[in-house]
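*Asks:* Okay, structure incoming, though there's no sequence with it:
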């Protein structure tokens, strides 16, 4: 007796926007490669149902200062280069297969090194010069300082079609204007809140920033730390986008490395937590597991830290895209 | 929500005059205003101002030059509908309308197939307007069946249960609400359901309130289309709010703005 399996395929009326980051000389930049994220016409990896034309991208995170508060296990692979963002970025690309670099301007934080806009721009130019892959530039998180720094950094990277972030409901006017003026794309951030994820996009669209140039950052939680809340928000955003809500039909970004490496499960050495196993193995696995869950939630762009976690995640992406390992 | 802009209709003096002297100005003005307000379709109707089907073709062409919005070709005369359909430049089009009268279905349903159009069917028949729920459902089902048999999928069928002025036929409004609910059971997914919204407020002093209150009540029953004054901001806001309440749209503080962005694009 045969059981008929019902056809559950759905046809979604709308596609997620495809966003290209980076510009080669043909488009006025100096990148040797670009990446395109998004463009899905179905849920993540539903290859039987629709198209997922662009594989999710793994970007690696680099700081403009030597990342002293990173856990030892994730500082160790970069020990030689932490003091030099350009060398650090180059190692990520050439040794660890980073498909883009996320330069986080932590050094500009007024509560930290409080570096100037010019210093930030110099670091950004040095990193851009050292690598051929596209660049993501992330502010220090202090709105006033970021609004001071970004105009200078964005101008220094003019034409490179970078992804800049983040804009929030409280602070978006400067960065949208700067991104428009110098030809960059934007990360729209909201605090694990679907309504605010939508609201920040509306605000950006209202000042005539194109929907096609926005990547959604719904905030990220590490495995064990609210990940399921973010997952359900990403799932709802993606379904709404596929159904035709153009205000949320954007690719999504997850800040995996920073979150995964902030929890004790990833960074506590074995001496402190006997029985948890070697942190050099455990940490990257925590980061890679977090990344995998977000891929299934619809993440198009992952920002990661540890080379081993990056390797595992790229392997997972290869398998999920149907291309086998790699 | 499918919003069909009602304003390019020769029942309005400026449009009747535009058709008579072939001056596109007023037509263009309303095409742009309704498109910007978020109309899904722009209804074009030459009404009693003209007996010449070519005037429908002219009206369609003027609207097409002004905006990219889809067009609703509105006439009770088949010749005028055909002239309108012939003038369509490849964009989406709605035939407004057929009735459940078999003679009419026989001629208009094939046009919807031929022109790849969406079809709006009124729950009327050769006996006139329906006066109860049963006749509305029977006639709606007649249109639905004829369209499905010809190969139109439910998403290309819009049923209209016939809304009447509350001032003169108050007992009819609950029947319309009931008929809407029953239409949603015709298929899965169901056909679209529309009303001529302005009718209910005809000759009343509180037209806007009556129209908007009926609209949200009908949306709760399954109404997902309306021929209406899309330039009325309060009506649009009511639709956007009802879609939120029905959980069809993700809440955001600027949800009315988001609704307009979505409708307008």
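*Replies:* Looks like it arrived, so ask away. If you're wondering where the values come from, they're calculated on a predicted model, not measured in any experiment.

*Asks:* Contact partners for residue B:85?
*Replies:* Residues near residue B:85 by Cβ atoms under 8 Å, 6 or more residues apart in numbering or on different chains: B:73, B:93, B:95, B:111, B:115, B:117. C-beta: built from backbone N, CA, C; applies to glycine.

*Asks:* go on, residue A:213?
*Replies:* Contact analysis of residue A:213 by Cβ under 8 Å, 6+ apart lists A:19, A:179, A:185-186.

*Asks:* same question, residue B:116
*Replies:* Residue B:116 makes contacts with residue B:93, as judged by Cβ under 8 Å, 6+ apart.

*Asks:* That one belongs to a strand, doesn't it?
*Replies:* No. Counting by DSSP: H, G, I helix; E, B strand; the rest coil, residue B:116 is located in no strand; its state is coil.

*Asks:* Can you tell me the element residue 181 falls in?
*Replies:* The chain I'm using is chain A. Assigned by DSSP states H and E, residue A:181 falls within helix A:173-182.

*Asks:* Sorry, I should have been clearer: chain B.
*Replies:* Residue-wise, residue B:181 maps onto helix B:172-183 under DSSP H and E.

*Asks:* now what about the helix holding residue A:181, what contacts it?
*Replies:* Here helix A:173-182 makes contact (Cβ under 8 Å, 6+ apart) with A:146-147, A:150-151, A:154-155, A:157-159, A:164-165, A:167, A:184-186, A:204, A:207-209, A:213.

*Asks:* What strands line up against the next helix or strand after that helix, and which way round?
*Replies:* The first helix or strand that comes after helix A:173-182 along the chain, using DSSP H and E, is strand A:185-189. Within its sheet, and counting by DSSP bridges, strand A:185-189 is paired with strand A:163-167 (parallel), strand A:214-217 (parallel).

*Asks:* what about residue B:220, how many neighbours?
*Replies:* A count of neighbours around residue B:220, defined by other Cβ atoms under 10 Å in any protein chain shown, yields 14.

*Asks:* Can you classify residue B:43 by secondary structure?
*Replies:* For residue B:43, the assignment made with three-state DSSP gives strand.

*Asks:* separation between it and residue B:194?
*Replies:* Using Cβ to Cβ, to the nearest Å, residue B:43 is found at 11 Å from residue B:194.

*Asks:* Please say which of those two ends up with more neighbours.
*Replies:* residue B:194 (29 against 24).

*Asks:* In contact with the more buried one, which residues?
*Replies:* Residue B:194 touches B:2, B:4, B:120, B:158-160, B:223-227, counting by Cβ under 8 Å, 6+ apart.

*Asks:* So which of the contacts of helix A:173-182 belong to helices?
*Replies:* The helices, defined by DSSP state H, take in A:146-147, A:150-151, A:154-155, A:204 from the contacts of helix A:173-182.

*Asks:* I'd guess residue A:94 is in a strand, am I close?
*Replies:* No. Secondary structure of residue A:94 (three-state DSSP): helix, not part of a strand.

*Asks:* burial measure for it, as a count.
*Replies:* Neighbour count of residue A:94, defined by other Cβ under 10 Å: 12.

*Asks:* now residue A:170
*Replies:* By other Cβ under 10 Å, the residues close to residue A:170 number 7.

*Asks:* Now do the contacts for the nearest residue to it once chain neighbours are set aside.
*Replies:* Nearest non-adjacent residue to residue A:170, counting by Cβ to Cβ, 6 or more residues apart in numbering or on different chains: residue A:143, 6.6 Å away. Residues counted as contacts of residue A:143 (Cβ under 8 Å, 6+ apart) are A:168, A:170-171.

*Asks:* Nearest to chain B among those residues?
*Replies:* Looking at the contacts of residue A:143 and their distance to chain B, the nearest is residue A:170, at 12.7 Å (Cβ to the nearest Cβ).

*Asks:* Show me where the chain dips below the pLDDT cut-off.
*Replies:* Going with chain A. Where chain A drops to pLDDT under 70, the residues are A:1, A:323-326.

*Asks:* try again with chain B
*Replies:* Looking at chain B by pLDDT under 70, you get B:264-265.

*Asks:* Which positions in it make contact with chain A?
*Replies:* Proximity of chain B to chain A (Cβ under 8 Å from any Cβ of the partner chain) is limited to residues B:249-254, B:257-258, B:261-262, B:265.

*Asks:* So which of these sit within helices?
*Replies:* B:257-258, B:261-262.

*Asks:* who wins for most neighbours among these?
*Replies:* In terms of neighbours by other Cβ under 10 Å, these top out with residue B:258 at 26 neighbours.

*Asks:* any idea how far that residue is from residue A:170?
*Replies:* From residue B:258 to residue A:170 the distance is 19 Å (Cβ to Cβ).

*Asks:* now residue A:236
*Replies:* According to Cβ to Cβ, residue A:236 and residue A:170 sit 23 Å apart.

*Asks:* try residue B:104
*Replies:* Residue B:104 is 59 Å from residue A:170, by Cβ to Cβ.

*Asks:* Likewise for residue A:227?
*Replies:* As for residue A:227, its distance to residue A:170 is 25 Å (criterion: Cβ to Cβ).

*Asks:* Then residue A:192?
*Replies:* Taken as Cβ to Cβ, the span from residue A:192 to residue A:170 is 16 Å.

*Asks:* Equivalent analysis for residue B:88, please.
*Replies:* From residue B:88 across to residue A:170, the span is 47 Å (Cβ to Cβ).

*Asks:* And residue A:248, by the same measure?
*Replies:* Distance of residue A:248 to residue A:170, given as Cβ to Cβ: 20 Å.

*Asks:* swap in residue B:135?
*Replies:* Distance, residue B:135 to residue A:170, by Cβ to Cβ: 57 Å.

*Asks:* Tell me which residue of the stretch 101-250 of chain B lies closest to chain A.
*Replies:* Closest approach between the stretch 101-250 of chain B and chain A, counting by Cβ to the nearest Cβ: residue B:250, at 5.3 Å.
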